[in-house]
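Enquirer: could you look at this predicted model? Sequence included:
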Amino acid sequence: MDLAGKNKELEKIAQQVATCKKCSLYKNATKPVPGEENPQAEVMFIGEAPGYWEDQQGRPFVGQAGKLLNELLQLIKLPRESVFIANVIKHRPPGNRDPLPEEIEACKEFLDAQIKIIDPKIIVTLGRFSLNKFLPGEFISKIHGQARFVEFAGRKRIVIPMYHPAAALRNERIMEELKFDFQKIKKFLKSSLSDEENKDEENKQLSFI
Ligand code: SF4
């Protein structure tokens, strides 16, 4: 799909999100937060749900955690405009509570459709809710920074689980681990694994440590 087609399809999803009533989260939200930045991104970041500032502005990762995400992106010289950023949940849960399983299920179609349209080579999951979308039952503390091949939306993709930036803001050790894990994104982007080679590596854990 070309850029114009991707923009058109993503806009359609944003409109559907704006009028969605599939769960109750829309009731207390100020603005929907469908996701933003580059429709042709090779790297897609997926967080949990909008927080206070995201809800106010209708944009993902614009509060303190977003500031940190931007800094981490600068650290690896990957401009925010070159990636796509979205969340598992598109409306803010009241008081920033964890999303409920039924809310994640109800909201799933929008994120799935975005992944299909953007078609990223690498998906970076931020936090446990997006991690468990691709790797159910796994724990971030165990597998953060370890890339896995996951078949999703018709193609094998590299999924790199990472801590949520909000967790790093609360814990210095997690901050260091997140910075370390971020360095690996560039290495994977530079790696020249062809589709054929990817096939051979099915479900094999990659290590660039
Ligand atoms: S959170 Fe998702 S499923 Fe729930 S109302 Fe918003 S867009 Fe719809």
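Expert: Received, thanks. Residues are numbered from 1 along each chain as shown.
Enquirer: could I get the buried residue list for the helix or strand harbouring L69?
Expert: Assigned by DSSP states H and E, L69 belongs to helix 64-75. Neighbour-count burial for helix 64-75 flags A65, G66, L68, L69, L72, L73 (criterion: 16 or more other CB atoms under 10 Å). No exception for glycine: its C-beta is placed from N, CA and C like everyone else's.
Enquirer: let's have those residues in JSON lines, adding distance to Q183 and pLDDT.
Expert: Below are those laid out as JSON lines (distance: CB to CB, whole Å; pLDDT from 0 to 100):
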{"residue": "A65", "distance to Q183": "19", "pLDDT": "96"}
{"residue": "G66", "distance to Q183": "20", "pLDDT": "97"}
{"residue": "L68", "distance to Q183": "15", "pLDDT": "97"}
{"residue": "L69", "distance to Q183": "15", "pLDDT": "98"}
{"residue": "L72", "distance to Q183": "10", "pLDDT": "97"}
{"residue": "L73", "distance to Q183": "12", "pLDDT": "97"}
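Enquirer: sorry, back to before: alpha carbons only: can I get the helix holding L69 in PDB?
Expert: The C-alpha trace of helix 64-75 is given here as PDB (Å, rounded to 0.1, in the frame of the first residue of the first chain):
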ATOM      1  CA  GLN A  64       6.500  12.400  31.200                       C
ATOM      2  CA  ALA A  65       6.700   8.900  29.800                       C
ATOM      3  CA  GLY A  66       6.400  10.300  26.300                       C
ATOM      4  CA  LYS A  67       9.200  12.800  27.000                       C
ATOM      5  CA  LEU A  68      11.400   9.900  28.000                       C
ATOM      6  CA  LEU A  69      10.400   7.900  24.900                       C
ATOM      7  CA  ASN A  70      11.500  10.900  22.800                       C
ATOM      8  CA  GLU A  71      14.800  11.000  24.600                       C
ATOM      9  CA  LEU A  72      15.400   7.300  24.100                       C
ATOM     10  CA  LEU A  73      14.600   7.700  20.400                       C
ATOM     11  CA  GLN A  74      17.100  10.600  20.100                       C
ATOM     12  CA  LEU A  75      19.600   8.400  21.900                       C
END
